[in-house]
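# After the sequence you'll find the predicted model.
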Amino acid sequence: MPYLVRLTPRSIAWLLGLALVALCVHAAGRGGEQGAPAIADNPPAPVQLTAAQDHQRIMNLLHITAIRRGADGDPNSPNAANYDESKANVYASLPDPLVLKDGKKVTSADIWWKQRRPEIVEDFDREIYGRAPQATPKVNWEVTSTTREMHEEFPVITKKLVGHVDNSSYPQIAVDIQLTLTIPANATRPVPVIMELSFSPEFLAALMKRMPPPPPGAPSPTAWQGQVLAKGWGYAILIPTSVQADNGAGLTQGIIGLVNKGQPRKLDGWGALRAWAWGASRALDYFETDKSVDAKQVGLEGHSRYGKAALVAMAYDSRFAIVYVSSSGEGGAKLFRHDFGEQIGNVAGTGEYHWMAGNFIKYDGPLTVNDLPVDAHELISLCAPRPVFIGGGAAQGDGWADAKGMFLAAAGAGPVYKLLGKMDLGTTEFPAIETALIGGEIAFRQHSGGHTPAPNWATFLSFASRYIKGAPVN
Ligand code: GCU
């Protein structure tokens, strides 16, 4: 299936690489401006490093001279990604979400909430995604347009919004969060909303230009919106890159740069995934003020890098009601300790390290993934007891994201859900492709398409309908 093969995450990474080169050239061009002395009373301009320079800076702070390279998408490379399941389980065990650091077992929900969960959060904060600052600037949401229109056969009202982040502490950096909200026009009461963390229209347009046309009958990437409207729910689209750029050179810009006043981040400072998740929470703050939205029933969806971000947002903000985590792979719902597809060396390298905390890189240096204090099953467990749907595609086409590794993490979060009186996946056996495991609060399905969220939307929405209740639709 050449279409699926060409749509692998590697090709996306390749395109991203091109974008990075362009950004580096742009950044280098701006480097000259740095030499000018700062005008008295004005804070210094943001530091501008390339991703490679910032990555090296972190390596120096960590006292690491080399990291291991990641897996290679090229099957003929000596370092090719492993796609043989019999060789994937090289680590004997996972950290136990229900054992405290002092070795005692977590025997009650109370111990989970008061002791174990904070321990896991601290590990993710310090070592994996970085700490969001305790205080972040206020966001002032402006509705820039309200349009009555048709979406397919549904009359809707679409609001375009910009979240202006207060930058009075450092006016050199402006952050304006892009969000749209689409509500059924005939809604008579506040509606549930599913919010997608989405690739920007520019990124998607560039991607589409380079890709062959989708095969006949392939669901369109926006078909989910009609499926959501058909339930009488609304949908929203957040552009994470308006919160924080998707590259290392941007770490002294965006919300991370604003809070750090243009300086490079500390080793445990937040990376892009945590910043994107922060943006999702600010959108939810807005929904709490918008009378057309039932803010207690806001769900999230994200695919690939934004699947990672959606899961992080769900884990860190208990106001989100449900999440669809699509093909999130390494750094998302996939176990680091499952050697299949993408590996830590890819995420720790200059193209992706900005998603994570600086501290994360050391697990690809002298340390290994087996030294990680936590793994993806514990990220999922932070969402408990709220419902989580983990999806991925077939090994051919989406092997890089590793559906089995995501399944194992979903299964590994089960004991926490059970402790909290909820249901787990119901099995620890990897199901046949296209089998929906949606009986409990942790759900999983591997579709037979490639690296796309589209085929799992219908299953996610029937799972979600158990929890999310809108007004009856005529
Ligand atoms: C790359 C990266 C993945 C990521 C993907 C995407 O392939 O290695 O981790 O999920 O891009 O976001 O499309």
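In hand now; what should we look at?
# hey, let's count contacts and neighbours off CA atoms from now on
OK.
# quick one: what helix or strand has the most centrally placed residue in the chain in it?
For the chain, the residue sitting closest to the mean C-alpha position, by CA atoms, centre = their mean, is A309 at 1.6 Å. Assigned by DSSP states H and E, A309 belongs to helix 305-316.
# Next secondary structure after that helix?
Following helix 305-316 in sequence, per DSSP H and E, is strand 322-326.
# Quick one: list the elements packing against that following strand.
Using 3 or more CA pairs under 8 Å, 6 or more residues apart in numbering; DSSP states H and E, the elements in contact with strand 322-326 are strand 293-303, helix 305-316, strand 388-392.
# what residues are up against the closest residue to the ligand within the stretch 101-250 of the chain?
Of all residues in the stretch 101-250 of the chain, F199 sits closest to the ligand, at 8.8 Å by CA to the nearest ligand atom. Residues near F199 by CA atoms under 8 Å, 6 or more residues apart in numbering: 239-241, 306.
# mind listing which of those residues are in helices?
Y306 (DSSP state H).
# nearest to A81, of the contacts of F199?
A81 lies nearest to Y306 out of the contacts of F199, by CA to CA, at 22.1 Å.
# Would you agree that closest one is in contact with L197?
Yes. Counting by CA atoms under 8 Å, L197 is a contact partner of Y306 at 5.8 Å.
# Low-confidence stretches in the chain?
1-41, 474 (pLDDT under 70).
# hey, where'd the strands end up in it?
139-151, 154-165, 176-184, 191-197, 234-239, 293-303, 322-326, 388-392, 442-446 (DSSP state E).
# need the ones you listed in CSV with distance to D84 and mean neighbour count, can you?
Below are those laid out as CSV (distance: least, CA to CA, whole Å; neighbours: other CA atoms under 10 Å):
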stretch, distance to D84, mean neighbour count
strand 139-151, 44, 14
strand 154-165, 46, 19
strand 176-184, 41, 24
strand 191-197, 32, 27
strand 234-239, 36, 25
strand 293-303, 24, 23
strand 322-326, 22, 30
strand 388-392, 17, 29
strand 442-446, 17, 28
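# Within range of the ligand, give me the residues from the stretch 251-400 of the chain.
Neighbours of the ligand within the stretch 251-400 of the chain, by CA under 6 Å from any ligand atom: 304-305, 328-330.
# Now which of those residues would you call buried?
Buried members of those, scored by 16 or more other CA atoms under 10 Å, are 304-305, 328-330.
# Next, the contact list for I67, please.
Taking CA under 8 Å, 6+ apart, one finds 345, 361-362, 364-366 in contact with I67.
# Report the distance from stretch 289-298 to the chain centre.
Centroid displacement of stretch 289-298 relative to its chain, using CA atoms, centre = their mean, to the nearest Å, is 22 Å.
# would you put the C-alpha positions of it in PDB?
Coordinates of each C-alpha in stretch 289-298 appear next as PDB, following Å, rounded to 0.1, in the frame of the first residue of the first chain:
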ATOM      1  CA  THR A 289     -17.300  31.500  30.500                       C
ATOM      2  CA  ASP A 290     -19.200  30.700  27.200                       C
ATOM      3  CA  LYS A 291     -22.900  30.000  27.900                       C
ATOM      4  CA  SER A 292     -23.200  27.800  24.700                       C
ATOM      5  CA  VAL A 293     -20.700  25.200  26.100                       C
ATOM      6  CA  ASP A 294     -21.300  22.700  28.800                       C
ATOM      7  CA  ALA A 295     -17.800  23.000  30.200                       C
ATOM      8  CA  LYS A 296     -18.200  19.900  32.400                       C
ATOM      9  CA  GLN A 297     -18.400  17.800  29.200                       C
ATOM     10  CA  VAL A 298     -15.400  18.900  27.200                       C
END
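# neighbouring contacts of it?
183, 189-195, 234, 284, 287-288, 319-322, 468-469.
# mind running it again at 10 Å?
141, 181-185, 187-195, 233-236, 284-288, 319-323, 467-470 (CA atoms under 10 Å, 6 or more residues apart in numbering).
# Quick check: the residue of the stretch 351-474 of the chain nearest the ligand.
Closest point on the stretch 351-474 of the chain to the ligand, by CA to the nearest ligand atom, is A401, at 6.7 Å.
# How much space separates that residue from S198?
18 Å (CA to CA, to the nearest Å).
# do A88 as well
A88 is 31 Å from S198, by CA to CA.
# for V369, same thing?
29 Å.
# Got a ChimeraX select line for the buried ones in the contacts of F199?
Only the buried entries of the contacts of F199 go into this ChimeraX selection, using 16+ other CA under 10 Å:
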select :239,240,241,306
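# Many thanks, I have nothing further to ask.
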